[in-house]
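S.K.: Kindly return the folded structure for what I paste below:
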Amino acid sequence: MILITRPFKKAKFLEQKLKKNKIVSHIDSLLSFHLRTRKYKFEYYTDYIVTSTQSVLSLKNNYRESLRLLRNKSFYVVGNEVSNELKKIKITKIKKIFKNSADLYNYLKTKNLCKRKFCYLSGSVSNTLLLKKLKLLKLSFDRVILYTSKPKKNFSKSTINYFNQNKIKYVLLYSTYTLHVYLSLINKMKLKRKVQNVTHLCLSREIASIIKKEGFKKVSHSEVPTETSMLKSLYHVIIKGN
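M.R.: Residues are numbered from 1 along each chain as shown. You can find the predicted model right below:
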């Protein structure tokens, strides 16, 4: 059995993908998202940085009146998934799509953007490394928080039972923040010994390195930080395990 820790809507899509391959999964979403009531005005900015699909969904659900304006702005995005979500709300002026935030930074540092005014659209938990690097570039930018991330306080009863019965063989981890929530709950419920034989599959090398430092040995990560790559890694690990 595979434990999916993603927010519920995305977890359900992934559950269906796994089901088609006859892989049993269990959802226990460790994060939930909530729109912020505060409204921002976007007339001031020329360019936008978007690194999460949740930011796009927040624009769609909370800023419908601003979408016409935003469609005339330039966007720098991380991941094809983010790009696809932007196109669904008819935002198509995408300057470039990057594999990760490091690629984004490396691109921006080669450009003369002193006359541009950037807006980094994010949630309450953002990429702190990216923020530091943007400041190093001395870009004119503001961070706009569109939504808040709420961590789960406890595993579900069924998750605890599955761990205790050794039914969960794999755990999928998609962000450093989710990992920290996961580790906190593992320690809180005194499950660390139980999960030592569980394979933890991480979206990135960075996430994998953090959990390894916590003493976990059975850790793997996808080649590139996309769900498609992550699923390929998962299927490879499952076949290898068999």
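S.K.: count of neighbours near T92?
M.R.: Using other CB atoms under 10 Å as the criterion, T92 is surrounded by 10 other residues. Using the backbone N, CA and C atoms, a C-beta is placed for each residue, glycine as well.
S.K.: whoops, Y182 was the one
M.R.: Neighbours of Y182 under the rule other CB under 10 Å: 22.
S.K.: shaky segments in this protein?
M.R.: By pLDDT under 70, the low-scoring segments of the chain are 240-242.
S.K.: Okay, helices next: where are they in it?
M.R.: For the chain, the helices defined by DSSP state H cover 8-20, 53-62, 67-70, 80-88, 101-108, 128-136, 157-164, 176-188, 205-213, 227-241.
S.K.: and the ones you listed as JSON lines, adding distance to K117?
M.R.: As requested, the helices of the chain are exported to JSON lines (distance: least, CB to CB, whole Å):
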{"stretch": "helix 8-20", "distance to K117": "32"}
{"stretch": "helix 53-62", "distance to K117": "18"}
{"stretch": "helix 67-70", "distance to K117": "14"}
{"stretch": "helix 80-88", "distance to K117": "19"}
{"stretch": "helix 101-108", "distance to K117": "14"}
{"stretch": "helix 128-136", "distance to K117": "13"}
{"stretch": "helix 157-164", "distance to K117": "45"}
{"stretch": "helix 176-188", "distance to K117": "28"}
{"stretch": "helix 205-213", "distance to K117": "30"}
{"stretch": "helix 227-241", "distance to K117": "32"}
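S.K.: Comparing those helices, which comes out most buried?
M.R.: Neighbour counts (mean count of other CB atoms under 10 Å) averaged over each of the helices of the chain peak at helix 53-62, with a mean of 20.
S.K.: what helices or strands is that one leaning on?
M.R.: Helix 53-62 is packed against strand 31-35, helix 67-70, helix 80-88, strand 118-123, strand 141-151, with contacts defined by 3 or more CB pairs under 8 Å, 6 or more residues apart in numbering; DSSP states H and E.
S.K.: Pop out the phi and psi values for the residue in the chain sticking out farthest from the centre.
M.R.: Taking CA atoms, centre = their mean, the residue of the chain most remote from its mean C-alpha position is K115, at 30.5 Å. Phi and psi for K115, reported as degrees, to the nearest 10, are phi -90, psi 0.
S.K.: Tell me the spacing between it and H180.
M.R.: According to CB to CB, to the nearest Å, K115 stands 39 Å off from H180.
S.K.: Report the buried residues of stretch 165-172.
M.R.: Going by neighbour count (16 or more other CB atoms under 10 Å), the buried part of stretch 165-172 is 168-172.
S.K.: S124: which of these is nearest?
M.R.: The nearest member of these to S124, counting by CB to CB, is L172 at 22.5 Å.
S.K.: so what's that closest one bridging to?
M.R.: I4, L201 (DSSP bridges).
S.K.: so it touches I2, yeah?
M.R.: Yes. Look at L172 against I2 with CB atoms under 8 Å: they come within range, at 6.5 Å.
S.K.: list the residues that contact both of these two?
M.R.: L234 (CB atoms under 8 Å, 6 or more residues apart in numbering).
S.K.: ok, back up a step: check the gap between the residue farthest from the centre of the chain and T226 for me.
M.R.: For K115, the distance to T226 equals 33 Å [CB to CB].
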